[in-house]
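Peer 1: Based on what follows, work out the 3D shape:
(chains A and B)
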Number of protein chains: 2
Amino acid sequence: MEGSGPSPTSLNNFRIVYLITQMVGATIIILIGSWVGVHLGGLSWSSNPAVQFNWHPLLMSFGMIFLYGNSILVYRGLRYARKKPLKVTHAVIHGLAFLFTVIALVAAFDSHNLAKTPIPNMYTLHSWVGMAAVVLFGCQYLFGFVSYLFPGVRESLRSTYMPIHVFFGIVGFILAIAASLLGLLEKAIFSIGDYRYLPPQGVLVNMIGMLLLVYGGLVVFLVTEPMYKRKPLPEDVMLLTHSPSSQ
Amino acid sequence: MEGSGPSPTSLNNFRIVYLITQMVGATIIILIGSWVGVHLGGLSWSSNPAVQFNWHPLLMSFGMIFLYGNSILVYRGLRYARKKPLKVTHAVIHGLAFLFTVIALVAAFDSHNLAKTPIPNMYTLHSWVGMAAVVLFGCQYLFGFVSYLFPGVRESLRSTYMPIHVFFGIVGFILAIAASLLGLLEKAIFSIGDYRYLPPQGVLVNMIGMLLLVYGGLVVFLVTEPMYKRKPLPEDVMLLTHSPSSQ
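Peer 2: Below is the predicted model:
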């Protein structure tokens, strides 16, 4: 039936792929935590700029990868929730992602500026791609907030912007994955002396990169596969048309 | 009218975006050629392993980026051509891309193995992501060839594999872009002594990376935007149903 919910079979597939995606995402965070803890000297904010830097990969991967992915999945993951709470959840998770991103950026800039011999900022391709991802993310947050959470914006404007918001949302997520890969590679080259002989740390960093590809592919699949698209609930339609609700 | 060609307006937009995409793609190849020629010592196959390496970025960007992008765009770029010649063109361009890729891989491995002090192969994240892209590309070529250019394959199998072929075709293209970014970054770190002060070569490499993002975004937009999807021609449908053609 057109307009009815997805069949149990397609939903079962969704749940399995969604579960695998979450497991891969969590594994990435755990592995980056291990890398930071075991190989990079742990976490500290103000004692040593080189150690302060370690917040950067941890918070970026948690904010711009794990939370970002979960935020764009929220409509399909919680498909039976009402539209309004989903929009608020989407905005709150993205807001947290942005907060972690800002702290992660401060950690990276501090680690350059406060070093005994200051290191220039924003010179590698990682920093250019990463900044493009953050700026795109910020613009999307601003335009999305104004378009969908401010009352009184015309419905025609909202629906015109929707495919643009979705497209650039996915573009920003892919940019964040690309920036993470670049960041892993440059940190590996800068800090693993014998990277060319693939010591355990080198294998760990490369494996995190490959898992990022898997996570990115799974998230993009889940948010673009038409079969998994959330269908409007009867309550959403009733709210939209302002007809009296029977419940 | 359902089933008729796209309106002139949407086609005009397609043509403009398609033209910009081609210009960005050509600019990338020209800039990589300039980088190789001006900063990396030009091209030569057997005189010096370090110079032989230079074929790698040039042929990879021509094969896995420019030709790959054009091959997946061929159905939409030449939308008024018949299906069969389009399929053959798609296979031929991808075949050329694969040929250049193989030569580019040989150049990279030779530059490691034939160096006075041999350099280990396949240790950086660039090499892992790049090899994943090439292997995925090879599998797609094989399965696509068998499914769509061998006569006698069941129509149901062809149509079941089509969304998978399209999805992993785009995934492979994005992987190739990611691998290129990683390759640019590692070559910049390895060979630009004062990369941190962003000399002209550093700016050039970073700009090539940013253009790769633009090219990748434009190609993925052009091949996924539903408005630009090629509609079957009357001739395609007639050939499919084996009804007598009036022309």
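Peer 1: need the residues of chain A near chain B, please.
Peer 2: Counting by C-beta under 8 Å from any C-beta of the partner chain, the positions of chain A adjacent to chain B are A:119-120, A:123-126, A:128-129, A:132, A:167, A:171, A:174-175, A:177-178, A:181-182, A:184-186, A:188-190, A:195-198, A:202, A:205-206, A:209-210, A:213, A:217, A:221. (Glycine included, C-beta is placed from N, CA and C.)
Peer 1: in chain A, which spans are helices?
Peer 2: A:8-34, A:49-52, A:55-60, A:68-77, A:83-113, A:125-148, A:155-191, A:200-224, A:234-241 (DSSP state H).
Peer 1: Quickly compare those helices and say which is most buried.
Peer 2: The highest average neighbour count among those, using mean count of other C-beta atoms under 10 Å in any protein chain shown, belongs to helix A:55-60 at a mean of 23.
Peer 1: For that one, which helices and strands make contact with it?
Peer 2: The contact analysis (3 or more C-beta pairs under 8 Å, 6 or more residues apart in numbering or on different chains; DSSP states H and E) places helix A:55-60 against helix A:8-34, helix A:83-113, helix A:155-191.
Peer 1: For the first one, name the packing helices and strands.
Peer 2: By that I understand helix A:8-34. Counting contacts by 3+ C-beta pairs under 8 Å, 6+ apart, helix A:8-34 is packed against helix A:55-60, helix A:68-77, helix A:200-224.
Peer 1: Next, the angle from the last one to helix A:8-34.
Peer 2: Using axes from the mean of the first three to the mean of the last three C-alpha atoms, to 10 degrees, one finds that helix A:200-224 and helix A:8-34 are set 150 degrees apart in direction.
Peer 1: swap in the second one?
Peer 2: Following the same axes, to 10 degrees, one obtains 160 degrees for the angle between helix A:68-77 and helix A:8-34.
Peer 1: how distant is helix A:68-77 from the center of its chain?
Peer 2: 9 Å (C-alpha atoms, centre = their mean, to the nearest Å).
Peer 1: low pLDDT regions in chain A?
Peer 2: Counting by pLDDT under 70, the ranges of chain A that qualify are A:1-10, A:238-247.
Peer 1: gap between the residue most central in space within chain A and chain B?
Peer 2: Nearest to the mean C-alpha position of chain A, by C-alpha atoms, centre = their mean, lies A:Tyr68 at 2.3 Å. Applying C-beta to the nearest C-beta, to the nearest Å, the value for A:Tyr68 to chain B is 17 Å.
Peer 1: Could you find the closest non-adjacent residue to that residue?
Peer 2: The shortest distance from A:Tyr68 to any non-neighbouring residue, by C-beta to C-beta, 6 or more residues apart in numbering or on different chains, is to A:Ala97 (5.2 Å).
Peer 1: surely the one you found meets A:Gly69?
Peer 2: No. Judged on C-beta atoms under 8 Å, A:Ala97 makes no contact with A:Gly69 at a distance of 9.5 Å.
Peer 1: For the residue nearest to A:Tyr68, give me its contacts.
Peer 2: Neighbour list for A:Ala97: A:63-64, A:67-68, A:71, A:137 [criterion: C-beta atoms under 8 Å, 6 or more residues apart in numbering or on different chains].
Peer 1: if we can go back for a sec, in TSV, list the helices and strands packed on helix A:55-60 along with distance to B:Gly25.
Peer 2: Output for these, formatted as TSV (distance: least, C-beta to C-beta, whole Å):
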stretch	distance to B:Gly25
helix A:8-34	32
helix A:83-113	31
helix A:155-191	18
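Peer 1: returning to what we had before: distance to B:Arg79 for the helices of chain A - can I get that in JSON lines?
Peer 2: Output for the helices of chain A, formatted as JSON lines (distance: least, C-beta to C-beta, whole Å):
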{"stretch": "helix A:8-34", "distance to B:Arg79": "31"}
{"stretch": "helix A:49-52", "distance to B:Arg79": "54"}
{"stretch": "helix A:55-60", "distance to B:Arg79": "41"}
{"stretch": "helix A:68-77", "distance to B:Arg79": "31"}
{"stretch": "helix A:83-113", "distance to B:Arg79": "36"}
{"stretch": "helix A:125-148", "distance to B:Arg79": "30"}
{"stretch": "helix A:155-191", "distance to B:Arg79": "21"}
{"stretch": "helix A:200-224", "distance to B:Arg79": "23"}
{"stretch": "helix A:234-241", "distance to B:Arg79": "36"}
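Peer 1: mind checking which of the ones you listed is nearest B:Ser34?
Peer 2: With C-beta to C-beta as the measure, helix A:125-148 is the member of those nearest B:Ser34 (17.2 Å).
Peer 1: distance between that closest one and the chain's centre?
Peer 2: 11 Å.
Peer 1: what about A:Gly95, distance to chain B?
Peer 2: In this view, A:Gly95 and chain B are 25 Å apart by C-beta to the nearest C-beta.
Peer 1: what's the nearest residue to that residue once chain neighbours are set aside in contact with, if anything?
Peer 2: Of all residues not flanking A:Gly95 in the chain, A:Tyr141 sits nearest, at 7.6 Å (C-beta to C-beta, 6+ apart). Contact analysis of A:Tyr141 by C-beta under 8 Å, 6+ apart lists A:91, A:94-95, A:98.
Peer 1: Turn the residues you listed into a markdown table, columns for distance to A:Asn54.
Peer 2: Formatted as a markdown table, those follow (distance: C-beta to C-beta, whole Å):
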| residue | distance to A:Asn54 |
| --- | --- |
| A:Ala91 | 29 |
| A:His94 | 24 |
| A:Gly95 | 24 |
| A:Phe98 | 20 |
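Peer 1: Out of those, the closest to B:Lys83 would be?
Peer 2: Minimum distance to B:Lys83 across these is 42.5 Å, recorded for A:His94 (C-beta to C-beta).
Peer 1: Which residues are in contact with the closest residue in space to that closest one that isn't next to it in sequence?
Peer 2: Distances taken as C-beta to C-beta, 6+ apart place A:Ser71 nearest to A:His94, at 4.8 Å, with adjacent residues excluded. Residues near A:Ser71 by C-beta under 8 Å, 6+ apart: A:89-90, A:93-94, A:97.
Peer 1: Tell me the one of those nearest A:Asn54?
Peer 2: Closest approach between the contacts of A:Ser71 and A:Asn54, by C-beta to C-beta: A:Ala97, at 19.1 Å.
Peer 1: Give me the distance between that closest one and chain B.
Peer 2: Applying C-beta to the nearest C-beta, the value for A:Ala97 to chain B is 20 Å.
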